[in-house]
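Asker: Okay, here's the prediction I keep looking at, along with the sequence it came from:
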Amino acid sequence: MKNKRFKPIKLLHLLWILPALLLLTVFALMYIVPAFETVDRTAVSGSANWMARLDDGLALSEVTLPGTHDSATKNVQLAFFSKCQALDIGEQLEAGYRYLDIRLGADGERLKLMHGFTNCTTSGWPWAKALYLDAVLEPCYAFLSSHPTETVVFAVKQEHGSESVAQFQTLLNAYVQKQPDKWLLTDHIPTVGEARGRLVLMRRYADEANLGAQSGIPLLWDNQNGHDDVSKHLAVHDNGSYTLSVQDRYEYDAPDKRNAFLEGLKAGVTAPDAVSIHFLSTKGTATYGHPYKFAKALNPKLMKTDGLSGWIVVDFASAAIAQHIYESNF
């Protein structure tokens, strides 16, 4: 009789223990594990002012720029799959990064930072609030005020939402017009001298609002995945006043991504009227990848790669990686 009474109790325990364990596992995967996905935070002397060493007459396209992929994802929902950076925007700028990959979605009259359908957030907790564009522009403005020799390529993509491109542009333009002196709005690649002290707006969408040069420099390329054809690397696109060559094969596993990156470097052209962008970031061939896993495999190899050129865009950026990239200019 004692055993017969005990068995139902054990079964009842399992009915609530198993869901609790599942929830705990999901919580650990989404929030606890990503909290430990960090980078070397050692500062590099001179990283905040490295562009001061460049000639004013150089086209920005001729400069080897360190950049970050999904720049605002230090804190993000579903972080195991969506987190691509361990430094926030201000820390990235201080570390030497000068190309920011900014992905935005509308939330009423405001724009928030996103990665796919997930929101970037103000902290790493599940209940954290969405990260809005104001909170990203503030450190950018502060950095450029303190470091007027520098510039930042602000590459904007409309990431998620039902609004039209024209509506999206109107929302973004409202932010720009609050401090227009902080922006360089043009339809051609500027020189370093023209760009110093300002954000250079580049857009990954058509100018449906007909803003002209006020809409920023077009930065348009076809979506790349390519895991089913690993021979592909660089694609070339006409962007009006300049030619864009870009490698953004984001569905390659590490060996194929490494090969695409190296082949893209060989084929890329940098000139006053030619921009080459080389993404080292990838999610792998799975539907939902783990960016940190690939960054751990690819970033150390980047540190041993010489002859870098163009704009190099990485996941889990550190000051040491930025220095390795920008020193290619000198």
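Answerer: Received it, and whenever you're ready, just let me know what you need.

Asker: which residues touch the closest residue to Ser123 other than its chain neighbours?
Answerer: Of all residues not flanking Ser123 in the chain, Asn75 sits nearest, at 5.5 Å (C-beta to C-beta, 6 or more residues apart in numbering). Heads up, the C-betas are built off the backbone N, CA and C, glycines and all. For Asn75, the contact set (C-beta atoms under 8 Å, 6 or more residues apart in numbering) comprises 83, 120-124, 128, 131.

Asker: For the stretch 1-150 of the chain, give me the ranges with low pLDDT.
Answerer: By pLDDT under 70, the weakly predicted segments of the stretch 1-150 of the chain are 1-16, 18, 20, 24-26, 28-29.

Asker: hey, where'd the helices end up in the chain?
Answerer: With helices called from DSSP state H, the chain shows them at 2-27, 33-35, 79-82, 89-95, 133-146, 165-176, 192-195, 254-267, 291-302, 319-326.

Asker: how many other residues sit next to the closest residue to Arg203 other than its chain neighbours?
Answerer: The spatial neighbour of Arg203 that comes closest, neighbours along the chain excluded (C-beta to C-beta, 6+ apart), is Gly216 at 4.6 Å. Neighbourhood size, Gly216 [other C-beta atoms under 10 Å]: 28.

Asker: I'd like the distance between Gly216 and Phe80.
Answerer: According to C-beta to C-beta, to the nearest Å, Gly216 and Phe80 sit 33 Å apart.

Asker: Same check on Glu194?
Answerer: Relative to Phe80, and taking C-beta to C-beta, Glu194 is found at 41 Å.

Asker: Looking at those two, which one has more neighbours?
Answerer: More crowded of Glu194 and Phe80, by other C-beta under 10 Å: Phe80, with 21 against 18.

Asker: isn't that one right next to Pro34, touching?
Answerer: Yes. With contact defined as C-beta atoms under 8 Å, Phe80 counts as touching Pro34 (5.6 Å).

Asker: nearest spatial neighbour of Gln214, skipping sequence neighbours?
Answerer: Going by C-beta to C-beta, 6+ apart, Gln214 has Leu185 as its nearest residue, at 5.1 Å.

Asker: ok, the one you found touching Asp207?
Answerer: No. Using C-beta under 8 Å, Leu185 is not in contact with Asp207; the gap is 11.7 Å.

Asker: Please identify every residue contacting each of those two.
Answerer: Ser215.

Asker: can you list the domain ranges for this protein.
Answerer: When the chain is parsed with automatic domain parsing, its domains come out as 1-36, 37-329.

Asker: coming back round to it: mind checking how far the residue nearest to Arg203 is from Leu199?
Answerer: Applying C-beta to C-beta to Gly216 and Leu199 gives a distance of 10 Å.

Asker: And for Thr186?
Answerer: 12 Å.

Asker: now the strands for the stretch 201-330 of the chain?
Answerer: 217-218, 235-238, 243-247, 274-279, 311-314 (DSSP state E, counting those that start in this stretch).

Asker: Tabulate the ones you listed (a markdown table), appending mean pLDDT, distance to Arg258 and mean neighbour count.
Answerer: As requested, those are exported to a markdown table (pLDDT from 0 to 100; distance: least, C-beta to C-beta, whole Å; neighbours: other C-beta atoms under 10 Å):
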| stretch | mean pLDDT | distance to Arg258 | mean neighbour count |
| --- | --- | --- | --- |
| strand 217-218 | 98 | 29 | 22 |
| strand 235-238 | 96 | 18 | 14 |
| strand 243-247 | 97 | 11 | 22 |
| strand 274-279 | 98 | 12 | 24 |
| strand 311-314 | 98 | 13 | 26 |
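
Asker: for the domains of the chain, which one ends up most surrounded?
Answerer: domain 37-329 (a mean of 19; mean count of other C-beta atoms under 10 Å).

Asker: so how far does that one reach from one end to the other?
Answerer: Its first and final residues considered, domain 37-329 spans 30 Å by C-alpha to C-alpha, to the nearest Å.

Asker: Of the strands of the stretch 201-330 of the chain, which is nearest His69?
Answerer: Nearest of the strands of the stretch 201-330 of the chain to His69, taken as C-beta to C-beta: strand 311-314 at 5.0 Å.

Asker: Would you give the sheet partners of the closest one, along with the direction of each?
Answerer: Strand 311-314 sits in its sheet next to strand 65-68 (parallel), strand 274-279 (parallel), going by DSSP bridges.

Asker: Would you format these as JSON lines with distance to Ala235 included?
Answerer: Below are the strands paired with strand 311-314 laid out as JSON lines (distance: least, C-beta to C-beta, whole Å):
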{"stretch": "strand 65-68", "distance to Ala235": "18"}
{"stretch": "strand 274-279", "distance to Ala235": "10"}
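
Asker: Looking at those, which is nearest to Ala260?
Answerer: strand 274-279 (9.0 Å).

Asker: I'm done for today, thanks for sticking with me.
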